[in-house]
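Student: starting from these lines, generate the structure:
(chains A, B and C)
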Amino acid sequence: MVEFHVDRGSGLPAYLQLGQQVREALRLGWLQPGDRLPTVRDVVATSGVNANTVLKAYRELELAGLVEARQGSGTFVKASPGSAAPEDFDPLRATLAVWVTEARSAGLEDEDIYALLREVLSGGAQ
Amino acid sequence: MSVVAAEVWKWAVHDVSFELPPGSVTALVGANGSGKSTLLNVLAGHLPPESGHTSIAGRVAYVPQHKPMYKNFNVADVLQFGRRMNNVWDNERADEWLARFKVPRKLPIEDLSGGQRTHVTLALALGSRPDVLMLDEPLSELDPLARRKVMRELLTEVSDNGMTLIFSTHVVAEIGGVADRLLLLAGGRLLLDGDTDELLEEHVLYTGPRDSESPVEGPVVLAKHGKTQSQYLVRSGGTQIAEPWTARYVTLEELVVAHLERAA
Amino acid sequence: MSAFVWLTWRQHRWTIIGSAILVMAAAYGLLSAEVRKQTSIDSMPMSGFYGLMVQLSFGGVIGVFWGAPLIARELEERTYFVAWGQDVSPVKWLRGKALVLGVLAVVLGAVAGIGDGHVGDNKAWSAFEGHPAVQAGYALYGLALGVLIGLLSRHVVTAMAATLVMYTLSRTLLTVLLRDHYLPVSRSVARWDSTPVVPVGAVELGNGFIGKDLNPVGVPDVCATLSNPNSCMRSWGGAIGTYVEFQPVERIAAFRYIEFGLYVVLAAVLFALTFRLLRHGGGWKPSRSHRRITSEVEPVPASEPAAAQG
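Tutor: Model prediction:
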């Protein structure tokens, strides 16, 4: 089950934050295909998010092909995002951990690591 | 289709017009004296507009900022009052609200705390099962924990009953994810009216070397120039930007403050 | 209607009880004064005096304590948001409350006008106010006057003071200027040798000289300056005698009902005005002071929302 929360200090629209949290839960394997997402009312009652925002987030996920709404029974996870399966994560995480240890021993602060990562990510995207 | 339509002129409000769809949650944001209370009073029918019109489909409940209630009534009297003065009265709903927030039943209203009195007025408003609920600074007398809980419960009521909610506030940080609609008032004029999410997606802040020209196309909301740096908040700008400029989305708070600064 | 009976009782029970005690005591005083009359005491008994005071002031009491605060308190404490924010419209709200209070005021008024009056004789001009209908009329008038002043002044104490002044003034003026002339005065005439006869209990309203056609004649300048115009008029020859104008005591019943009718009409006019004002948005705007209070409650300006978060 995902526990939604909205960071009100963030510039990211609330519905995108919810979508991101579902994607994250899928990547990390907390949500599996076939799992049911919490009902809109439950999300409203537990996280204090507007029902329209939750609906919008679910609709966005549906458009992305990640979930499907089944008439009368709720919203269900259809697929995982990205091409990588959750089990592929573990070796990658291990490699990254090794790299982070190297970076730290080279004297990099966390800030430097983030900056590097961002640079590499944005460079790779171009 | 809209449940609230307004076009209002009043001494503190100039040509404010908007329409709200049913089931929406609207935050009315503005500084002191920006006309929020006047606008709500006009909408709720307690003040006639000087010109223009308001139309609301359905029954309205309004809780003004000072949370008025008869001082010598106790909770039972308030519930009785609600039952006898309304065509529709949901005693259970009102009673549950009072129980949820542990409002003392025996004390007269004048002996209750500001927060407890807020809950009594909210219970009366909710008990009448309004189609449109208008709240003027509903959270002003509540502690931070209660503020979240009240908002959560109100949103649950909205989603359970298809109610339309309009509330005014000056704490912009609290409306993220809560309000799907933002009305920003300043000096009695409507500065912004839009879907909160869309507003957030439209506004992008660009930071870069000092420059008198905006790096992107689009209406500049606010430009700030330091010794070596310039910042441009641009509406409808994209996040794609060439070096050395950087782009980021802004928070609702930054967005609101920028619009207020521009209007000032 | 039961809703308004409940609401009126819940909100005004202490003023209602207070007024009822006042009236009960007056009624007791008036009734016991009557008993003493039969044991032959001519002077006014203390209890009768108290009764008279209540009879003279009852409409004012209703106006000041029931009428004036009715709307003024809602406006002053801004509970009109509560009162008029329900399904019941302001007009219905006022109609309900005015009806309940009006009926109560009429009943209490009737009780205040009970008995044979403070002098032990109900059929006397000096005991004019000692009649249920008259008291009921005053009570309705006081209520209507207070409610209207309350709506206009928006402030309880001001409204109460203004109601007291306006009630006293209007009652005095109407009594002095109008009451004696509800019906044409009776006139008793006499030739020079005798004096005109005024029936027992009648109230004397004026006198003068009559001419040959038995109608009053004016006093010519020659006589007006004299200290005793009587003999001057007699020798002048323009007059054949004197007259006295009065209202006979037999008319008192008719006069009381006319007085009742007059005050009921006045009350109706005042209520109509109040309802008209209320229907058209009350004719008020939030006063300056309300705006000031509003901005004090809101301590954090929106331009510094970061500070408001803490």
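Student: give me every residue that touches residue A:20.
Tutor: Neighbouring residues of residue A:20 by C-beta atoms under 8 Å, 6 or more residues apart in numbering or on different chains: residue A:12. C-betas here are computed from N, CA, C, even on glycine.
Student: ok, now residue A:54?
Tutor: Applying C-beta under 8 Å, 6+ apart, we find residue A:54 in contact with A:4, A:15, A:18, A:40, A:43, A:44.
Student: so which helix or strand takes in it?
Tutor: Assigned by DSSP states H and E, residue A:54 belongs to helix A:51-63.
Student: cool, residue C:176 as well?
Tutor: Going by DSSP H and E, residue C:176 is in helix C:156-177.
Student: which elements pack onto that helix?
Tutor: Packing partners of helix C:156-177 (3 or more C-beta pairs under 8 Å, 6 or more residues apart in numbering or on different chains; DSSP states H and E): helix C:46-61, helix C:68-76, helix C:132-153.
Student: does the last one reach chain B?
Tutor: This points to helix C:132-153. No. Against chain B, helix C:132-153 shows no contacts by C-beta under 8 Å from any C-beta of the partner chain, the least distance being 14.9 Å.
Student: now that helix: buried residues?
Tutor: C:132-153 (16 or more other C-beta atoms under 10 Å in any protein chain shown).
Student: okay, now the domains of chain A?
Tutor: Domains of chain A are assigned by automatic domain parsing as A:14-77, A:86-125.
Student: and the shortest one, how far out from the chain middle?
Tutor: Put plainly, it is domain A:86-125. 19 Å (C-alpha atoms, centre = their mean, to the nearest Å).
Student: could you do the longest one as well?
Tutor: In terms of C-alpha atoms, centre = their mean, the centre of domain A:14-77 is set 11 Å apart from its chain centre.
Student: can you give me the end-to-end span of that domain?
Tutor: One end of domain A:14-77 sits 20 Å from the other (C-alpha to C-alpha, to the nearest Å).
Student: all strands for the stretch 1-150 of chain B, in order.
Tutor: Using DSSP state E, counting those that start in this stretch, the strands of the stretch 1-150 of chain B run over B:4-10, B:13-20, B:25-30, B:51-56, B:60-63, B:132-136.
Student: just name the most buried of the domains of chain A.
Tutor: domain A:14-77 (a mean of 18; mean count of other C-beta atoms under 10 Å in any protein chain shown).
Student: so which elements touch the helix or strand just after the helix holding residue A:54?
Tutor: Counting by DSSP H and E, the next helix or strand C-terminal to helix A:51-63 is strand A:67-70. Under the contact criterion of 3+ C-beta pairs under 8 Å, 6+ apart, strand A:67-70 touches helix A:51-63, strand A:74-77.
Student: which helix in the chain runs the most residues?
Tutor: Picked chain A for this. helix A:86-105 (DSSP state H).
Student: not what I meant, chain B
Tutor: Ordering each helix of chain B by length in residues (DSSP H) puts helix B:144-161 first.
Student: and that one with chain A, contact?
Tutor: Yes. Counting by C-beta under 8 Å from any C-beta, chain A has neighbours in helix B:144-161: B:148, B:151, B:152, B:155, B:156, B:158, B:159, B:160.
Student: state the distance from the most centrally placed residue in chain C to residue C:97.
Tutor: For chain C, residue C:138 is the residue whose C-alpha lies nearest the centre (C-alpha atoms, centre = their mean; 4.1 Å). Applying C-beta to C-beta, to the nearest Å, the value for residue C:138 to residue C:97 is 20 Å.
Student: same question, residue C:68
Tutor: 13 Å.
Student: residue ranges with poor pLDDT in chain A?
Tutor: For chain A, the stretches with pLDDT under 70 are A:1, A:80-86, A:122-126.
Student: ignore what I typed, I meant chain B.
Tutor: Residue ranges of chain B with pLDDT under 70: B:1-2, B:237.
Student: domain map for it?
Tutor: If you go by automatic domain parsing, chain B breaks into B:4-195, B:198-263.
Student: how about those domains in CSV, adding distance to chain C?
Tutor: CSV is the format used below for those (distance: least, C-beta to the nearest C-beta, whole Å):
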stretch, distance to chain C
domain B:4-195, 4
domain B:198-263, 5
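Student: highest mean neighbour count out of those?
Tutor: Greatest average neighbour count among the domains of chain B goes to domain B:4-195 (a mean of 20), per mean count of other C-beta under 10 Å.
Student: now the terminal residues of it, how far apart.
Tutor: Domain B:4-195 stretches 16 Å from its first residue to its last (C-alpha to C-alpha).
Student: picking up where we left off before, find the residue closest to the residue nearest to the centre of chain C in space, skipping its chain neighbours.
Tutor: Distances taken as C-beta to C-beta, 6 or more residues apart in numbering or on different chains place residue C:59 nearest to residue C:138, at 2.9 Å, with adjacent residues excluded.
Student: which residues touch residue C:31?
Tutor: Per C-beta under 8 Å, 6+ apart, neighbours of residue C:31: C:114, C:115.
Student: hmm, I typed the wrong one, I wanted residue B:95.
Tutor: The contact partners of residue B:95, taken as C-beta under 8 Å, 6+ apart, are B:79, B:123, B:127.
Student: can I assume the last one is in contact with residue B:98?
Tutor: No. Residue B:127 is not in contact with residue B:98 according to C-beta atoms under 8 Å; the separation is 9.5 Å.
Student: so how far is residue A:5 from the spatially most central residue of chain A?
Tutor: What sits nearest the mean C-alpha location of chain A, by C-alpha atoms, centre = their mean, is residue A:24, with 2.3 Å. According to C-beta to C-beta, residue A:24 and residue A:5 sit 12 Å apart.
Student: same check on residue C:109?
Tutor: 67 Å.
Student: per-residue pLDDT, residue C:109?
Tutor: On pLDDT, residue C:109 comes in at 93.
Student: that one: what secondary structure?
Tutor: Secondary structure for residue C:109, judged by DSSP: H, G, I helix; E, B strand; the rest coil, is helix.
Student: does stretch B:247-263 come close to chain A?
Tutor: Yes. Remark: stretch B:247-263 sits within contact range of chain A at B:248, B:249, B:250, B:251, B:252, B:253, B:254, by C-beta under 8 Å from any C-beta.
Student: how far away is the third one from residue B:84?
Tutor: Counting by C-beta to C-beta, the gap from residue B:250 to residue B:84 is 50 Å.
Student: ok, the second one next?
Tutor: When C-beta to C-beta is the yardstick, residue B:249 and residue B:84 sit 51 Å from each other.
Student: run through the residues that contact the residue of chain A at minimum distance from chain C.
Tutor: Distance from chain C to each residue of chain A (C-beta to the nearest C-beta) is smallest for residue A:9, at 8.8 Å. Applying C-beta under 8 Å, 6+ apart to residue A:9 gives the contacts B:173, B:176, B:251, B:253.
Student: what helix or strand is it located in?
Tutor: Secondary structure assignment for residue A:9, by DSSP H and E: no helix or strand.
Student: can you list the residues of the stretch 1-150 of chain B near chain A?
Tutor: Close to chain A, as judged by C-beta under 8 Å from any C-beta, the stretch 1-150 of chain B has residues B:23, B:24, B:25, B:148.
Student: and which of these is nearest to residue C:12?
Tutor: residue B:25 (39.7 Å; C-beta to C-beta).
Student: which sections of the stretch 51-200 of chain C are below the confidence cut-off?
Tutor: C:116-120.
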